[in-house]
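# Okay, here's the prediction I keep looking at, along with the sequence it came from:
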Amino acid sequence: MRVNPFQTNGPTNTVGAKFDFQVKDPTGAAEMHWLPSMTYQDPRRMSLPRPVGSQYQGMLVYPLMMPEAFLTQFAFPRNRPQTSNVKVQERRELPDLEGRYQRAAPSMPGLGAYGYGAVALTVSYDQ
């Protein structure tokens, strides 16, 4: 997918194509969804904070969250708004994946350190 800079008030997420990958078994009992890599702007790190949900230079303004909170409180509800009775069945830390991203992170003087978190969740829900 491609992000239109005229619909997001800026170019940040429009530089390259976004990969949104989803695989389901034929019965619908299991699914894996790899979300596209998107950049967000934490309003707490802005000199002139903008409202949560607004756009800034092509990024959605939204507070930084830990991986499990991002998945359960943001990504899942946005991708499955018609679900109910959502329960995390299994939570697994992914320290190797986290470490690989951390080691590959670019150094940007003046912008602070990058930090990464990774977790795998198995959820059940009604739809």
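Arrived safely, thanks for sending.

# right, and residue 8 touches residue 54 too?
No - contact status for residue 8 versus residue 54: not in contact, 10.7 Å apart, counting by Cβ atoms under 8 Å. C-beta here means a position set from N, CA and C on the backbone, and glycine is covered the same way.

# neighbour-wise, which of those two wins?
residue 8 (17 against 14; other Cβ atoms under 10 Å).

# Just give the nearest non-adjacent residue to the more buried one, would you?
residue 58 (4.5 Å; Cβ to Cβ, 6 or more residues apart in numbering).

# okay, the one you found: pLDDT?
Residue 58 carries a pLDDT value of 89.

# low-scoring stretches of this structure, by residue?
108, 110-113 (pLDDT under 70).

# so residue 97, which of the three states?
With DSSP: H, G, I helix; E, B strand; the rest coil as the basis, residue 97 sits in helix.

# What is the neighbour count of it?
14.

# likewise the one 10 residues further on?
As a burial measure, the neighbour count of residue 107 was computed by other Cβ under 10 Å and equals 7.

# Is it located within a strand, as I assumed?
No - counting by three-state DSSP, residue 107 is not found in a strand; it is coil.

# In contact with residue 25, which residues?
Contact analysis of residue 25 by Cβ atoms under 8 Å, 6 or more residues apart in numbering lists residue 31.

# Relative to residue 85, how far out is it?
21 Å (Cβ to Cβ, to the nearest Å).

# Then residue 102?
Counting by Cβ to Cβ - residue 102 and residue 85 are separated by 35 Å.

# Who has more neighbours out of these two?
When residue 102 and residue 85 are compared for neighbours, residue 102 comes out ahead with 15 against 8, by other Cβ under 10 Å.
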